[in-house]
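Participant: Structure, please.
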Amino acid sequence: MPSVVDDFLLIDKPKGWTSFDVVAKIRNAYARRGLRQKVGHTGTLDPQATGLLILAVGQKTKEISTLEALDKVYTGTFRLGAKTKSYDAETDAYDAVSVAHLSASDILTCAASFLGKQLQQPPMFSATWHNGKRLYELARQGKDIPERKAKLIDIFEFEILSIGLPDVAFRLRVSKGTYIRSIAHDFGERLGVGAYLSSLRRERIGAYRVEDALSVSDAVAQVLSTDALPSAHPAS
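Facilitator: Next up is the predicted model:
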C-alpha cells in the first residue's frame with residue numbers, strides 16, 4: 001500500500017457537507033497524529049450533492065489540475081414545474097405550474113437538445129468570481145449579476161433514466177466546469193415549465209469511481225490508525 005503522505009484519496013461526500021468541510025476533516029485527522037499535511041480537493045461538490053470527491057494529499061496536491069480537467073459523470077433528479085433562485089433545493093421553490101401536459105417524447109427531445117459544446121452561464125449561487133467576490137456572496141445579499149461570464153462546456157451524454165412527473169431522473173457525462181444546476185434550470189426553461197435540481201450524485205471523475213471511495217469516517221479512522229490507505233487507482 002502507498003504512503004498516505006503522497007496520494008489521492010477517494011471520498012464519498014455526504015449530503016450537507018461542503019467540499020472544504022471534508023478537506024478540513026481529513027487535514028485535522030493528520031494534525032491529531034502530529035502531522036502537518038497538505039490536503040486539497042480536485043473539484044468542488046455542492047453541499048446538497050453527494051458522491052465522489054477526490055482529495056490530493058502531500059505532493060499530490062501539485063497534480064490537482066490534472067484531475068480537475070477530467071470528464072465527470074453525475075446522476076440525479078430534476079423537479080419540473082417550479083424554479084428556485086439557487087437552481088437546486090437549497091432555496092424555496094416558486095412559480096409552480098402544472099406539468100401534466102408533458103410527454104415522455106417532450107422530455108427525451110429536450111435532453112437530446114443539450115448534447116455537444118455550448119456556452120453556459122454559471123448560476124448566481126456558485127463560487128465563480130465576479131469583481132473580487134464570489135457570486136454566491138452577492139446572491140445572498142439579494143444581488144443579481146446578469147452579465148456573469150459564460151464558459152464553454154461540453155455535454156457528452158444526457159440519458160433520461162426514468163420519468164415520474166414532476167421528477168425526471170438523469171445521467172450526465174460532462175466536461176470540466178459544467179454546472180448541473182444550470183442544466184436543470186435551462187431544461188425547465190426549454191420545456192416552458194421551470195425546473196430545479198432536487199438531487200445530485202457524482203459517480204465518476206475520469207476513470208475514478210465512487211464505488212471505490214471511502215466514507216469520511218472510514219478515511220479519518222484509517223488516517224488515525226495506519227500509515228497507509230488503499231490506493232486511488234482509476235478503473236480499467
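
Participant: Make sure Leu108 is actually in contact with Ile160.
Facilitator: Yes. Using CB atoms under 8 Å, Leu108 makes contact with Ile160 at a distance of 5.8 Å. (Glycine included, C-beta is placed from N, CA and C.)

Participant: count of neighbours near the closest residue to Gln120 other than its chain neighbours?
Facilitator: Spatially, and ignoring its direct neighbours in sequence, Gln120 is nearest to Ile153 (4.8 Å; CB to CB, 6 or more residues apart in numbering). The number of residues packed near Ile153 is 18, by other CB atoms under 10 Å.

Participant: Give me the most central residue, this protein.
Facilitator: Per CA atoms, centre = their mean, the C-alpha nearest to the average position across the chain is that of Leu45, at 3.8 Å.

Participant: sorry, back to before: average pLDDT across the stretch of helix or strand the residue nearest to Gln120 belongs to?
Facilitator: In the assignment (DSSP states H and E), Ile153 maps to strand 151-164. In this model, strand 151-164 has a mean pLDDT of 97.

Participant: Just the pLDDT for Asp227.
Facilitator: For Asp227, pLDDT reads 56.

Participant: for Pro2, same thing?
Facilitator: 35.

Participant: same deal with Asp106?
Facilitator: For Asp106, the predicted pLDDT is 98.

Participant: what about it, neighbour count?
Facilitator: Asp106 - counted by other CB under 10 Å - has 16 other residues nearby.

Participant: Now do it against Ser113, distance only.
Facilitator: 11 Å (CB to CB, to the nearest Å).

Participant: How about Gln222?
Facilitator: For Gln222 relative to Ser113 (CB to CB), the value is 45 Å.

Participant: thinking again about what came up before, tell me which residues touch the residue nearest to Gln120, please.
Facilitator: By CB atoms under 8 Å, 6 or more residues apart in numbering, the residues touching Ile153 are Lys117, Gln118, Leu119, Gln120, Val174, Ser175, Lys176, Gly177, Thr178.

Participant: Done for today, thanks.
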